[in-house]
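Asks: Sequence plus the predicted model coming up.
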Amino acid sequence: DAGVIQSPRHEVTEMGQEVTLRCKPISGHNSLFWYRQTMMRGLELLIYFNNNVPIDDSGMPEDRFSAKMPNASFSTLKIQPSEPRDSAVYFCASSLTGVGYTFGSGTRLTVV
Amino acid sequence: GESVGLHLPTLSVQEGDNSIINCAYSNSASDYFIWYKQESGKGPQFIIDIRSNMDKRQGQRVTVLLNKTVKHLSLQIAATQPGDSAVYFCAERGGGGADGLTFGKGTHLIIQP
């Protein structure tokens, strides 16, 4: 298995632009998680899905952030409009019924 | 302006010695715990897990100990190698059907030759 696949690996964008991060979970996993990692706050859970349904989005910072999971093999995290304070590494992870949490390599986002 | 980041605890050990990394968790209802290793520029990598109905679990060169009374988790790495240099995180799952993991701040393990 190729593991959790995230794209792009790096993204540099200007403030105000829309940013879309992508994730392909491990085949057969039924839960998907989006995390953000910063030096100030460490690893924070933003949102997670079970069977493609959003379960807990209480970690999403504000309305500028949205996430979708249209099918079992794909999810997006969108920031619109982006701000410099959104600069971070964003990780996607997947699991099967609460075990085997596997992380992707992350997307390093820089908003200038 | 200058940003102030997290000051990660650092553990420095000699190559070949055993390492013990500690973690205090906050939620007494947490039912599952995982230790992750994160190398620079990479995502967290699973090391070992333990359920709340256990107090010890062993893997290859690693042991996790869970003390629910004081809400403490530790990771023991035997015969530490240069490749063990990384930041180590403990993570807890809150129980009650909540699947998201909450991560600790991390410990930076440095291996001295």
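Replies: Okay, I see it.
Asks: A:Cys65: neighbour count?
Replies: That one is not Cys; residue A:65 is Phe. 20 (other C-beta atoms under 10 Å in any protein chain shown). Every C-beta, even on glycine, is put in place using the N, C-alpha and C of the backbone.
Asks: My guess is it contacts A:Ile79. True?
Replies: Yes - contact criterion C-beta atoms under 8 Å: A:Phe65 and A:Ile79 qualify, at 5.6 Å.
Asks: what's the distance between the nearest residue to B:Gly59 once chain neighbours are set aside and B:Gln76?
Replies: Among residues not flanking B:Gly59 along the chain, B:Ile48 sits closest, at 4.6 Å (C-beta to C-beta, 6 or more residues apart in numbering or on different chains). Per C-beta to C-beta, to the nearest Å, B:Ile48 is found 10 Å from B:Gln76.
Asks: Need the residues touching each of those two.
Replies: Counting by C-beta atoms under 8 Å, 6 or more residues apart in numbering or on different chains, the contacts common to B:Ile48 and B:Gln76 are B:Val62, B:Thr63, B:Val64.
Asks: Doesn't the last one lie inside a helix?
Replies: No - according to DSSP: H, G, I helix; E, B strand; the rest coil, the state of B:Val64 is strand, so it is not within a helix.
Asks: Distance check, it against B:Gly83.
Replies: Relative to B:Gly83, and taking C-beta to C-beta, B:Val64 is found at 19 Å.
Asks: Per-residue confidence at the residue of chain A found nearest chain B, what does it come out as?
Replies: Nearest residue of chain A to chain B, counting by C-beta to the nearest C-beta: A:Met39, 3.1 Å away. We have a pLDDT of 90 for A:Met39.
Asks: Just give the number of residues close to it.
Replies: Neighbours around A:Met39, by other C-beta under 10 Å: 12.
Asks: which residues sit in contact with the closest residue to A:Asn51 other than its chain neighbours?
Replies: Residue nearest to A:Asn51 in three dimensions, not counting chain neighbours: A:Asn30, with 5.3 Å by C-beta to C-beta, 6+ apart. A:Asn30 makes contact with A:Asn50, A:Asn51, A:Ala72, A:Ser95, A:Leu96, A:Thr97 under the criterion C-beta under 8 Å, 6+ apart.
Asks: quick one: the closest residue to A:Phe103 other than its chain neighbours from B:Gly94, how far?
Replies: Distance criterion C-beta to C-beta, 6+ apart; nearest residue to A:Phe103, sequence neighbours excluded, is B:Gly43 at 3.8 Å. To B:Gly94, B:Gly43 is 22 Å away according to C-beta to C-beta.
Asks: the more surrounded of those two?
Replies: More crowded of B:Gly43 and B:Gly94, by other C-beta under 10 Å: B:Gly43, with 21 against 17.
Asks: Now do the same for the more buried one: its pLDDT.
Replies: On the pLDDT scale, B:Gly43 gets 96.
Asks: likewise A:Pro61?
Replies: pLDDT recorded at A:Pro61 is 89.
Asks: Quick one: neighbours of it, just the number.
Replies: Neighbour number of A:Pro61 under other C-beta under 10 Å is 13.
Asks: Residue numbers of chain A in contact with chain B?
Replies: Residues of chain A lying close to chain B (C-beta under 8 Å from any C-beta of the partner chain) are A:4, A:31, A:33, A:35, A:39-45, A:48, A:50, A:55-56, A:59, A:91, A:93, A:95, A:98-106.
Asks: In ChimeraX, how would I select the buried members of those?
Replies: To isolate the buried ones among the residues of chain A next to chain B in ChimeraX, judged by 16 or more other C-beta atoms under 10 Å in any protein chain shown, type:
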select /A:4,31,33,35,42,43,45,48,50,55,56,59,91,93,95,98,100,101,102,103,104,105,106
